[in-house]
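Trainee: Pasting a predicted model and its sequence here:
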Amino acid sequence: MANIQQWFASIDVDRSGELDVKELQRALSMGNLHFGISDVDQMIRAFDTRGRRRLSFPEFQRLHEFLVNIQNSFAYFDADRSRTLQTNEVQQALSHAGFRLDPPVLAAMMSRHDPDNSGTLSLDEYIRMCLFLQSCVRTFTAFDQQRTGKITLDFNQWVYAASHVA
């Protein structure tokens with residue numbers, strides 16, 4: 001915890017007590033994770049509980065834990081050590097994380113997050129997929145207040161929900 005706090009303080013270059021998109025992008029690069037501004041913004045929005053598009057230390061800590069878990073999951077389910085996940089490995093990893101996606105949904109997710117159409121996901125592509133799912137869960141939960149696992153949306157609610165899913 002102290003190391004993460006020190007790291008947070010060292011990348012908070014404006015000393016605001018929060019990380020903006022450029023500070024977080026630099027921090028990720030230091031950890032050998034290279035993402036564009038829009039991807040980093042997606043990470044911030046997925047973990048920003050205050051709607052400020054900046055991460056406080058506790059929010060940064062949750063993002064850090066999330067990324068470490070994703071990297072560990074990726075390494076574990078990369079059975080052939082190819083440094084990519086095939087569709088069956090992605091399905092196993094997501095299932096292990098608690099996501100039970102129907103085959104057509106998994107196919108759509110693979111299509112969306114596999115821009116080179118290789119049929120596999122690299123670590124950064126897998127992180128993007130997991131962030132997308134994290135955003136989906138957060139947005140869905142906001143509409144599923146009774147926790148039934150089903151929601152009904154009118155068009156305005158759908159557009160609102162879709163705008164909050166990265």
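Mentor: Sure thing, it's come through.
Trainee: before we move on, what SS does the most centrally placed residue in the chain have?
Mentor: Closest to where the C-alpha atoms of the chain average out (Cα atoms, centre = their mean) is residue 131, at 1.8 Å. At residue 131 the chain is in helix, as set by DSSP: H, G, I helix; E, B strand; the rest coil.
Trainee: thought it was touching residue 46?
Mentor: Yes - Residue 131 lies in contact with residue 46 (Cβ atoms under 8 Å); the separation is 5.3 Å. The C-beta positions use only the backbone N, C-alpha and C, and glycine is treated the same way.
Trainee: Let me see the contact set for the residue nearest to the centre of the chain.
Mentor: Contacts for residue 131 (Cβ atoms under 8 Å, 6 or more residues apart in numbering) come out as 39, 42, 43, 46, 166.
Trainee: Not including adjacent chain positions, what is the nearest residue to the first one?
Mentor: What sits nearest to residue 39 in space, not counting adjacent residues and going by Cβ to Cβ, 6 or more residues apart in numbering, is residue 128, at 6.4 Å.
Trainee: ok, back up a step: what separates the residue nearest to the centre of the chain from residue 157, distance-wise?
Mentor: Distance of residue 131 to residue 157, computed by Cβ to Cβ, to the nearest Å: 22 Å.
Trainee: on that earlier part again, next one: the residue nearest to the centre of the chain from residue 5, what distance?
Mentor: For residue 131, the distance to residue 5 - Cβ to Cβ - is 24 Å.
Trainee: now swap in residue 35 and tell me
Mentor: Remark: distance between residue 35 and residue 5 (Cβ to Cβ) = 23 Å.
Trainee: Could you do residue 44 as well?
Mentor: Separation of residue 44 from residue 5 (Cβ to Cβ): 19 Å.
Trainee: low pLDDT regions in this structure?
Mentor: Residue ranges of the chain with pLDDT under 70: 1-2, 166.
Trainee: what comes up buried for stretch 68-77?
Mentor: By neighbour count with 16 or more other Cβ atoms under 10 Å, stretch 68-77 contains the buried residues 70, 73, 74, 77.
Trainee: And for stretch 140-154?
Mentor: Using 16+ other Cβ under 10 Å as the test for burial, stretch 140-154 gives residue 151.
Trainee: now it, how far from the chain's geometric center?
Mentor: Relative to its parent chain, stretch 140-154 has a centroid offset of 21 Å by Cα atoms, centre = their mean, to the nearest Å.
Trainee: Need the CA coordinates for that stretch. CSV is fine.
Mentor: The C-alpha trace of stretch 140-154 is given here as CSV (Å, rounded to 0.1, in the frame of the first residue of the first chain):
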residue,chain,number,x,y,z
PHE,A,140,-26.4,-2.0,-16.0
THR,A,141,-26.4,-1.9,-12.2
ALA,A,142,-27.5,1.7,-12.1
PHE,A,143,-30.7,0.7,-13.9
ASP,A,144,-31.2,-2.7,-12.1
GLN,A,145,-31.9,-1.3,-8.7
GLN,A,146,-33.9,-4.4,-7.6
ARG,A,147,-30.9,-6.6,-8.7
THR,A,148,-33.1,-8.8,-10.8
GLY,A,149,-30.6,-9.1,-13.7
LYS,A,150,-33.1,-7.6,-16.1
ILE,A,151,-33.8,-4.0,-17.1
THR,A,152,-36.3,-2.2,-19.3
LEU,A,153,-35.2,1.0,-21.0
ASP,A,154,-36.9,3.6,-23.1
